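*Asks:* Have a look at this prediction, sequence included:
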Amino acid sequence: MPVEEFVAGWISGALGLVLGHPFDTVKLLGFFKGMSFPIASIAVVNSVLFGVYSNTLLALTATSHQEWRAQPPSYTHVFIAGCTGGFVQVYCLAPFDLIKVRLQNQTEPRARPGSPPPRYRGPVHCAVSICQEEGPWGLFRGAWALTLRDTPTMGIYFVTYEWLCRQSTPDDQNPSSATVLAAGGFAGIVSWAVATPLDVIKSRMQMAGLKHRVYRGVLDCMASSVRQEGLGVFFRGLTINSARAFPVNAVTFLSYEYLLRWWG
Ligand SMILES: CN(C)C(=N)NCCC[C@H](N)C(=O)O
């Protein structure tokens with residue numbers, strides 16, 4: 001199994017993360033003060049995503065990434081490989097994402113003077129507390145909603161990227177840097193536009209039992225959120241997700257493509 005895609009995915013995920021840092025700081029306040037936790041989590045998750053995607057495409061088409069420009073894989077194969085990468089990365093992402101959402105949702109009381117100390121003191125304390133209070137499986141709360149969010153979304157992400165690259169590149173040639181940047185950025189925006197409704201639901205399910213009510217499942221969470229807040233609830237965070245998605249994914253794809261070309 002070629003491993004360079006995993007390494008390129010890790011490095012490109014870390015570079016995208018540095019660019020996304022100001023947006024994540026706005027979104028998450030204290031969570032991303034340091035870089036070590038996000039690098040240990042998001043870059044690793046990106047490595048799994050790109051590594052599984054490339055190796056699935058290799059298994060489906062029997063061609064390696066060096067041959068993809070001369071013998072481009074079909075969009076169906078790209079979609080299946082993207083969905084597979086999305087599905088596998090969910091089970092690495094789920095605990096990190098849960099910790100992120102729990103920490104993000106406890107930032108409000110801290111802003112008020114005289115308010116009680118935060119429930120979780122940081123990412124490690126949060127992980128240990130969840131394990132103690134909810135059992136180790138508690139770390140996977142909301143993983144089903146995350147699976148529904150990321151499996152098709154990652155298929156769409158890679159198909160959008162490939163389609164945009166092929167539209168602006170002559171056959172047999174590698175896309176230019178400008179094309180890779182634009183295609184990566186738009187793939188990020190399209191994927192977040194599709195993912196945002198389920199992202200809202202996923203976050204509510206991860207908070208279930210703490211701040212929000214406990215839901216009977218994804219459909220119950222959707223129905224009760226729409227009943228209480230209207231359809232607009234599905235588009236919460238869409239603007240900031242899209243503004244963050246362009247630079248992060250432009251740089252992620254540019255560094256991924258160039259690392260793989262450089263390694264031959
Ligand atoms: C849930 N969605 C929409 C995605 N994961 N989309 C793919 C982009 C992944 C990238 N690491 C990012 O954070 O934008």
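*Replies:* Alright, I've got the coordinates. Numbering: from 1, shown residues only.
*Asks:* if I read this right, residue 169 contacts residue 177, doesn't it?
*Replies:* No: judged on CB atoms under 8 Å, residue 169 makes no contact with residue 177 at a distance of 11.6 Å. C-beta here means a position set from N, CA and C on the backbone, and glycine is covered the same way.
*Asks:* who's more crowded, those two?
*Replies:* Comparing residue 169 with residue 177 by other CB atoms under 10 Å, the one with more neighbours is residue 169, at 16 against 12.
*Asks:* so who does the more buried one touch?
*Replies:* Residue 169 makes contact with 175-176, 179 under the criterion CB atoms under 8 Å, 6 or more residues apart in numbering.
*Asks:* What is the nearest of those to residue 11?
*Replies:* Distance to residue 11, by CB to CB, is smallest for residue 175 among these, at 19.2 Å.
*Asks:* What separation is there between that closest one and the ligand?
*Replies:* The gap separating residue 175 from the ligand is 18 Å, by CB to the nearest ligand atom, to the nearest Å.
*Asks:* For that residue, give me its contacts.
*Replies:* So residue 175 contacts 165, 168-169, 183, 257 (CB under 8 Å, 6+ apart).
*Asks:* again, only using 6 Å
*Replies:* Going by CB atoms under 6 Å, 6 or more residues apart in numbering, residue 175 touches 165, 169.
*Asks:* Is it part of a helix or strand, or is it coil?
*Replies:* State at residue 175, reduced to three classes by DSSP: H, G, I helix; E, B strand; the rest coil: coil.
*Asks:* quick one, phi psi at it?
*Replies:* phi -70, psi 150 (degrees, to the nearest 10).
*Asks:* Helix, strand, or coil at the closest residue to residue 238 other than its chain neighbours?
*Replies:* Spatial nearest neighbour of residue 238, excluding adjacent residues (CB to CB, 6 or more residues apart in numbering): residue 196 at 4.8 Å. Three-state assignment for residue 196 (three-state DSSP): helix.
*Asks:* mind listing what's buried in the strand or helix carrying residue 11?
*Replies:* Assigned by DSSP states H and E, residue 11 belongs to helix 4-28. Across helix 4-28, burial judged by 16 or more other CB atoms under 10 Å covers 5-17, 19-20, 23-24, 27-28.
*Asks:* and the protein, which residues reach the ligand?
*Replies:* Contact residues (CB under 6 Å from any ligand atom) of the chain with the ligand: 46, 149-150, 153, 157, 188, 191-192, 195, 245, 248-249.
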